[in-house]
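Participant: Got a predicted structure plus its sequence, pasted below:
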Amino acid sequence: QVQLVESGGGSVQPGGSLRLSCVASGFTFSTAQMSWVRQAPGKGLEWVSTIDSGGSTYYIGSVKGRFTISRDNAKNTVYLQMNSLKSEDTAVYYCRSSVVQGTHVYYYWGQGTQVTVSS
């Protein structure tokens, strides 16, 4: 079955850095679009970044220039390097895969990893 396992969250001071990892299994990782989505306390889900199978990357405006998404298809892993963290980046970060099967797209989610930015 599909599994997405995130790691790398934690507590940092403003201006600090973290790197999130998401290890995937149960589907053909190299052909899947991978994304990071976050949920801040008391708020809804917010898309953060996507990397497609060709390596093209996309970011929400608030993280452009600070966050970098990347993937290692040999390790079935997607990363989110987060630099210059701000208090407003505090959230649970989820890894999401978009897998095309025939005419359908299936979305799978990890369990999430907490990122807390506070002085």
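Facilitator: That came through, no problem. Treat the numbers as computed from the prediction; the structure is a model and nothing was measured. Residues are numbered from 1 along each chain as shown.

Participant: Going by C-alpha atoms from here, please, whenever you check contacts or count neighbours.
Facilitator: Will do.

Participant: Relative to the longest strand seen in the chain, what are the paired strands and their orientations?
Facilitator: In the chain, assigned by DSSP state E, the strand with the most residues is strand 91-101. Strand 91-101 has its sheet partners listed here by DSSP bridges as strand 33-39 (antiparallel), strand 104-109 (antiparallel), strand 113-117 (antiparallel).

Participant: now those as a markdown table including mean pLDDT?
Facilitator: Shown next, in a markdown table, are those (pLDDT from 0 to 100):
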| stretch | mean pLDDT |
| --- | --- |
| strand 33-39 | 98 |
| strand 104-109 | 94 |
| strand 113-117 | 98 |
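
Participant: what's the closest of the ones you listed to residue 95?
Facilitator: strand 33-39 (4.8 Å; CA to CA).

Participant: what comes into contact with the closest one?
Facilitator: 45-53, 78, 80, 91-99 (CA atoms under 8 Å, 6 or more residues apart in numbering).

Participant: Give the pairing partners of whichever helix or strand comes after that strand; include direction for each.
Facilitator: Beyond strand 33-39 on the C-terminal side, the first helix or strand identified by DSSP states H and E is strand 45-51. Paired with strand 45-51 in the same sheet, following DSSP bridges, are strand 33-39 (antiparallel), strand 57-59 (antiparallel).
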